[in-house]
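S.K.: need a 3D model of the sequence below.
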Amino acid sequence: MTDKVKKSAEEWMQQLDPEAFRVLRMKATERAFAGKYHNAKTEGMYLCKGCGQPLFASGTKFDSGTGWPSFYEPMAKDAVGEETDRAFFMTRTEVHCSRCDGHLGHVFPDGPQPTGLRYCINSASLILKPEKD
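M.R.: Below you'll find the model as predicted:
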């Protein structure tokens, strides 16, 4: 992991489109099946839209049927951070970019092998860098 990225809310608003700002900085969730990458099949690397840190490889993406891009593991253990989310009268594990602390989505213990995890990620928080650029 490289140095932390810290910006004011105004700086983030200038850098990000409104939906990405809502998701990454305000911990919002995009509508199911509405995100750009929920059905993407392009091979490549998914980067944080806030800071460009590599987060997930397309080879770990799978169709969870939830309407959000789902991955069974991050590119590196230190690429994402986790914290307990107790919003909406439930307890979940929030996932954020370890470099800029941008909200990505949540991780659940109902994914495929080899990890058994499902990282359910908002498309608005990602940029797909195709393998063949």
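
S.K.: what's the next secondary structure element after the lengthiest helix in the chain?
M.R.: Longest helix in the chain, counting residues (DSSP state H): helix 18-26. Sequence order places strand 44-48 as the next helix or strand after helix 18-26, per DSSP states H and E.

S.K.: and the longest helix of the chain with strand 44-48, angle?
M.R.: 60 degrees (axes from the mean of the first three to the mean of the last three Cα atoms, to 10 degrees).

S.K.: if you count neighbours, what's buried in helix 18-26?
M.R.: Neighbour-count burial for helix 18-26, counted by 16 or more other Cβ atoms under 10 Å, picks out E19, A20, F21, R22, V23, L24, R25. (Each C-beta comes from the backbone N, C-alpha and C, glycine too.)

S.K.: burial count for the nearest residue in space to the fourth one that is not next to it in sequence?
M.R.: So the one you mean is R22. Leaving aside its sequence neighbours, R22 sits nearest to A28 (Cβ to Cβ, 6 or more residues apart in numbering; 4.0 Å). Using other Cβ atoms under 10 Å, A28 is surrounded by 15 other residues.

S.K.: helices and strands around the longest helix of the chain, which ones?
M.R.: helix 9-15, strand 103-108 (3 or more Cβ pairs under 8 Å, 6 or more residues apart in numbering; DSSP states H and E).

S.K.: now for the protein, the helix or strand with the poorest mean pLDDT.
M.R.: strand 80-85 (a mean of 89; mean pLDDT, DSSP states H and E).

S.K.: show me what it is packed up against.
M.R.: Looks like strand 80-85 contacts strand 92-97, strand 103-108 (3+ Cβ pairs under 8 Å, 6+ apart).
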